[in-house]
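Asks: My questions are about this predicted structure, shown below with the sequence.
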Amino acid sequence: MTARRDNGPLLEVEGVTQKYGQNIGCEDVHFSLYPGEVLGIVGESGSGKSTLLRCASGLMQPTGGTVRFNTRVDGLQDIYALSEAERRMLMRTDWGIIYQSARDGLRMNVSAGANVGERLMAVGDRNYASIRETSCEWLEKVEMDLGRMDDLPRTFSGGMQQRLQIARNLVTKPRLVFMDEPTSGLDVSVQARLLDLVRGLVRQLGIACIIVTHDLGVVRLLSDRLMVMRKGRVVEQGLTDQVLDDPQHAYTQLLVSSILPV
Ligand SMILES: Nc1ncnc2c1ncn2[C@@H]1O[C@H](COP(=O)(O)OP(=O)(O)OP(=O)(O)O)[C@@H](O)[C@H]1O
């Protein structure tokens, strides 16, 4: 585990509840995430994983509870008490979000290079040569062929699009990255390479991550800690190996024994 605990949590989620009318998206969720720590969230379809991720990543204000992020200047701040502009700035600088569908995370009508470069411009970089150089470095880090730099993402395979999303998100060196099913929909060998790449970059850069997935193999490989959700609630959480090798809750036991589809 590479998490650093000396300066307190990077993200603190307390009592987060999201209701959609009568429907419960998630209910009374608590957790803290430390710098450099990778948290996996698993659970069957409809268990509230995506709802929780959206609440924690500033995309949807929960109907109850608080989400606090340890900002560089002012320390722990309730992200929904910030102005829209401040929250957007955080999202551009300290957070990354990697979506299951590249369409949600990339601009499909601008080139691969511009997809990466515009993130640098958004944080104030105005030097075209250095933007292009850094974009190239990142495309290489995610094993993209630089010959495709000026091509549109819609001409890429699913695996390439996900690698481009990773470059676009990591280029600004965020401290926290949210990933929603980053490998689903890709074929198995592409998934394995992508997971290796994510694992290498996350460890090398010491980025904290929250990964929502239905794939226990993904969390086994990437996450330090694991949270298991059912019907909007967290039923079990702990160190990933502990939870997967010695599940305490009956529902986790079913998930791990593959009796339930996750
Ligand atoms: N926009 C919405 N309006 C009403 N109910 C919603 C909405 N979004 C989600 N829900 C409900 O909230 C609950 C949790 O859904 P959520 O999508 O967060 O689960 P999930 O675990 O991410 O599922 P999946 O793995 O299928 O994406 C479900 O009962 C779902 O029907």
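Replies: It's in.
Asks: I'd like to know how many residues surround the residue of the stretch 51-200 of the chain found nearest the ligand.
Replies: Residue of the stretch 51-200 of the chain nearest the ligand, by Cβ to the nearest ligand atom: residue 51 (3.3 Å). The C-beta positions use only the backbone N, C-alpha and C, and glycine is treated the same way. Counted by other Cβ atoms under 10 Å, the residues lying close to residue 51 total 26.
Asks: In three-state terms, how would the closest residue to it other than its chain neighbours be classified?
Replies: Setting aside the residues directly before and after it, residue 51 is nearest to residue 25 in space (Cβ to Cβ, 6 or more residues apart in numbering), at 3.4 Å. Judged by DSSP: H, G, I helix; E, B strand; the rest coil, the three-state class of residue 25 is strand.
Asks: mind checking how far residue 25 is from the ligand?
Replies: Going from residue 25 to the ligand by Cβ to the nearest ligand atom, to the nearest Å gives 4 Å.
Asks: Might you report the residue contacts of that residue?
Replies: For residue 25, the contacting residues are 18, 19, 48, 51, 52, 232, by Cβ atoms under 8 Å, 6 or more residues apart in numbering.
Asks: quick one, phi/psi of the spatially most central residue of the chain?
Replies: With distances taken as Cα atoms, centre = their mean, the chain has residue 178 as the residue nearest its mean C-alpha position (1.6 Å). In terms of degrees, to the nearest 10, the main-chain angles of residue 178 are phi -100, psi 130.
Asks: Number the residues from 31 up from this point.
Replies: Shifting the count to begin at 31 puts that one at residue 208.
Asks: That one contacts residue 126, doesn't it?
Replies: Yes - counting by Cβ atoms under 8 Å, residue 126 is a contact partner of residue 208 at 7.2 Å.
Asks: returning to what we had before: does the residue of the stretch 81-230 of the chain closest to the ligand touch residue 56 like I think?
Replies: Yes - the criterion here is Cβ under 8 Å, and residue 81 meets it with residue 56 at 4.8 Å.
Asks: Need the overlap of contacts for these two.
Replies: Common neighbours of residue 81 and residue 56 (Cβ under 8 Å, 6+ apart) are 48, 262.
Asks: ok, the residue of the stretch 131-280 of the chain found nearest the ligand - how many residues close by?
Replies: Closest contact between the stretch 131-280 of the chain and the ligand, by Cβ to the nearest ligand atom, is at residue 244 (5.8 Å). Using other Cβ under 10 Å, residue 244 has 17 other residues around it.
Asks: got it, and residue 271?
Replies: Neighbour number of residue 271 under other Cβ under 10 Å is 12.
Asks: now residue 84
Replies: By other Cβ under 10 Å, the residues close to residue 84 number 20.
Asks: which ones are touching it?
Replies: Here residue 84 is in contact with 48, 90 (Cβ under 8 Å, 6+ apart).
Asks: if you set the cut-off to 6 Å instead, what comes out?
Replies: residue 90 (Cβ atoms under 6 Å, 6 or more residues apart in numbering).
Asks: Also residue 68?
Replies: Counting by Cβ under 6 Å, 6+ apart, residue 68 has contacts 239, 252, 253, 254.
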